[in-house]
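**Q** can you look at this prediction? I've put the sequence above it.
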Amino acid sequence: MKTVGYIVAAILVFFGVIFIWGAFSANGQPSYLIIGILTALIGLAIIYFVGRKPKVETTNVTLKVDLPGNVNMDSLKCKSCGGVLTAENIKVVNGAPMVTCPYCHTVYQITEEPKW
């Protein structure tokens, strides 16, 4: 759809410039200038509206995990400096849990290692 919009706009701007040049020729009429300016402005307006980026809405997703049985959480430590991490230091980015260490500011992805 954008390609068609750009093509139509280019044609309108081209003919607008031709009409503007024609208005200043020996046989030119003042109405050519008005038609040329309007045509070129319409073409530029189409380029503006086609080139705009749509607004991207962000959606917050809350994931609640219900764990069966008695589950104890081990303390989480930074891989770089060994500082103790809390739940506030963990954020989900693009579906992956990412940790930002408040002490050394290292950012890395949490990987779950097998229990066996």
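**A** Nice, thanks for sending it over.

**Q** tell me the SS of the most centrally placed residue in the chain?
**A** In the chain, the residue lying closest to the centroid (C-alpha atoms, centre = their mean) is Val56, at 6.6 Å. Under DSSP: H, G, I helix; E, B strand; the rest coil, Val56 falls in the coil class.

**Q** going forward, count from 11.
**A** Got it, first residue is 11 now, which makes that one Val66.

**Q** can you list the weak-confidence ranges in this protein?
**A** Applying pLDDT under 70 to the chain picks out residues 76-84, 122-126.

**Q** tell me where it has strands.
**A** 86-87, 94-95, 100-103, 106-110, 117-119 (DSSP state E).

**Q** just give me how far the first one sits from the chain centre.
**A** What that stands for is strand 86-87. 34 Å (C-alpha atoms, centre = their mean, to the nearest Å).

**Q** go on, the third one?
**A** Mean C-alpha position of strand 100-103 versus that of the full chain (C-alpha atoms, centre = their mean) differs by 20 Å.

**Q** outside of it itself, list whatever touches it.
**A** Strand 100-103 has contacts (C-beta atoms under 8 Å, 6 or more residues apart in numbering) with Val71, Leu73, Leu86, Pro107, Met108, Val109, Thr110, Ile120. To be clear about C-beta, it is placed using only N, CA and C from the backbone, and glycine gets the same treatment.

**Q** no more questions from me, cheers.
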